[in-house]
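*Asks:* Sequence first, then the predicted structure:
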Amino acid sequence: MKEALLKYDFTDNGLNIGDYIQSLAAKQFLNNQDPILINREALNEYDGEQVKLIMNGWFLMNGENFPPSEKITPLLVSHHINTSVHSHFRKEEVVSFYKKNEPVGCRDYFTLEFLESLGVKCYYTGCLTLTLSEKYSSKEKNDNIYFVDPRYKKARGLLDQLNRMYLLVTKFNTISEIRARYIRSNNKKSWRKTLDFYRSFSQIFDDEVLKKAIYVKHYIPANKFNNDAEIFAYGEELLRKYASAKYVVTSRIHCALPSLSLGTPTLYIDIPNDHNVSSCRLNGIKEFFHIIHTNGTKLSCDLLKNDEKFNLKSSFTNKEDFITVKEKIKKTVIDFIKN
């Protein structure tokens, strides 16, 4: 039987490279490194040869396009069903699909509890990106520090505006250097965003870290790529950068989980009371990370004591709880491909 791999649509925000990183995690286990590409949002339309498909990741942006075609033999592993499609996924034809292909390996406990409520047999697997060290790990580390889509809570009102003005006057050179790397544009909005970013992250990072950090976005404009091959290549490029980094700071789970797997010290930025569409993904994932906690505009990290900050010489090691989960999911995927 031929092998297939998930590809993805552009959204209003562009392309989420984290989706393709999830596919790279699946691709490393395939026998054929040039598999048939099937759009995650059109699995029901596939009408080619019978294929095996590792169905890891978020299902689905458009719930009406589920369940998949009968010509797809799925491995439901690292599977996340988002709260945004629960009403559709309770339909008889969708529940029947899951029962036909059970047990379902769930990426998070939210998905596991939802499927169990529908009478589907399932188990927890964590995320397949925890296995990316199989192909992309590096023994050589450099001094690069990556901030990948670092989210934070923005304050509003008069005090906020006064604080921005104070920072702009007292820290103008520092703010200018950070803006040139963080935003890479010159308009009023870029200054406001940089000032809000600096006000938040200067609480726990030295200025030298923020000035020398490399800033990466996981949402890419639609016009950056010509085809899927270029997108996959860019995903691999990012993985190799993360693999060699000194450490990574991110609010993207598909930067944090791969970095964890690759042996790169990782700080995950947690946004409490986030929208349920986002937060429902994290129960069973967030526990693996060292966390930067955000409480309003206040940031803190359990790795820091008193008034310490992360500096250019700071070092720390990751938790190792994920290793057992990684080995179990790896075996599941290898057995599916072999059989």
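*Replies:* Cool, got the structure. Quantities reported herein were computed from a predicted structural model and do not represent experimental measurements. Numbers count the residues shown, from 1 in each chain.
*Asks:* Strands of the stretch 151-300 of the chain, start to end?
*Replies:* Using DSSP state E, counting those that start in this stretch, the strands of the stretch 151-300 of the chain run over residues 214-216, 219-220, 247-250, 266-270, 290-295, 298-301.
*Asks:* For the shortest one, give the mean pLDDT please.
*Replies:* Confidence over strand 219-220 (mean pLDDT, whole number) is 92.
*Asks:* Most tightly packed of the strands of the stretch 151-300 of the chain?
*Replies:* Burial of these is given as mean neighbour count (mean count of other C-beta atoms under 10 Å); strand 247-250 ranks first at a mean of 26. To be clear about C-beta, it is placed using only N, CA and C from the backbone, and glycine gets the same treatment.
*Asks:* Remind me what it packs against, helices and strands.
*Replies:* strand 145-148, helix 253-261, strand 266-270 (3 or more C-beta pairs under 8 Å, 6 or more residues apart in numbering; DSSP states H and E).
*Asks:* what's next to the longest one, contact-wise?
*Replies:* By that I understand helix 253-261. 18-19, 21-22, 25, 127, 129-133, 136-137, 146, 148-149, 216, 218, 238-239, 242-243, 245, 248, 250, 266, 268, 281-282, 285, 288-289, 318, 322, 326 (C-beta atoms under 8 Å, 6 or more residues apart in numbering).
*Asks:* cutoff 6 Å now
*Replies:* Contacts with helix 253-261, where a contact means C-beta atoms under 6 Å, 6 or more residues apart in numbering, come from 18, 21, 127, 129-130, 132-133, 148, 239, 242, 248, 250, 266, 268, 285, 289, 318.
*Asks:* Over to stretch 98-112?
*Replies:* 74, 76-81, 115, 120-125, 127, 280-281, 283-285.
*Asks:* Mind checking which of these land in helices?
*Replies:* Those of these mapping onto helices are L115, per DSSP state H.
*Asks:* Centre of the chain to stretch 179-190, how far?
*Replies:* Centroid separation between stretch 179-190 and its chain, computed with C-alpha atoms, centre = their mean, to the nearest Å, is 24 Å.
*Asks:* Just the C-alphas of it, formatted as PDB.
*Replies:* The C-alpha atoms that make up stretch 179-190 are tabulated as PDB, following Å, rounded to 0.1, in the frame of the first residue of the first chain:
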ATOM      1  CA  ARG A 179      12.600  46.600  17.000                       C
ATOM      2  CA  ALA A 180      15.000  46.100  14.100                       C
ATOM      3  CA  ARG A 181      15.200  42.400  14.900                       C
ATOM      4  CA  TYR A 182      11.700  41.800  16.300                       C
ATOM      5  CA  ILE A 183       9.500  43.600  13.900                       C
ATOM      6  CA  ARG A 184      11.700  44.500  11.000                       C
ATOM      7  CA  SER A 185       9.500  47.400   9.900                       C
ATOM      8  CA  ASN A 186       9.300  51.100  10.600                       C
ATOM      9  CA  ASN A 187       5.900  52.400  11.500                       C
ATOM     10  CA  LYS A 188       4.000  53.500  14.600                       C
ATOM     11  CA  LYS A 189       2.500  50.100  15.200                       C
ATOM     12  CA  SER A 190       5.900  48.400  15.200                       C
END
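*Asks:* any idea of the mean pLDDT for that stretch?
*Replies:* pLDDT averaged over stretch 179-190 gives 85.
*Asks:* buried stuff in the helix or strand of the chain with the lowest mean pLDDT?
*Replies:* Every helix and strand in the chain was compared by mean pLDDT, DSSP states H and E; the lowest is helix 276-279, with a mean of 82. Neighbour-count burial for helix 276-279, with 16 or more other C-beta atoms under 10 Å as criterion, is recorded at S279.
*Asks:* Show me which of the contacts of stretch 98-112 are buried.
*Replies:* Buried by 16+ other C-beta under 10 Å: 74, 76-81, 115, 120, 122, 124-125, 127, 280-281, 284-285, out of the contacts of stretch 98-112.
*Asks:* Relative to M55, how far out is the residue nearest to Y136 when sequence neighbours are not counted?
*Replies:* Nearest residue to Y136, sequence neighbours excluded (C-beta to C-beta, 6 or more residues apart in numbering): L239, at 4.5 Å. L239 is 21 Å from M55, where distance means C-beta to C-beta, to the nearest Å.
*Asks:* repeat for S200
*Replies:* From S200 across to M55, the span is 37 Å (C-beta to C-beta).
*Asks:* Just the strands from the stretch 1-150 of the chain, written as ranges.
*Replies:* Under the criterion DSSP E, counting those that start in this stretch, strands of the stretch 1-150 of the chain are mapped to 2-7, 15-16, 36-39, 51-54, 57-59, 72-75, 79-81, 104-106, 122-124, 145-148.
*Asks:* Tell me the strands beside the shortest one, with direction?
*Replies:* Sheet pairing of strand 15-16 (DSSP bridges) gives strand 219-220 (antiparallel).
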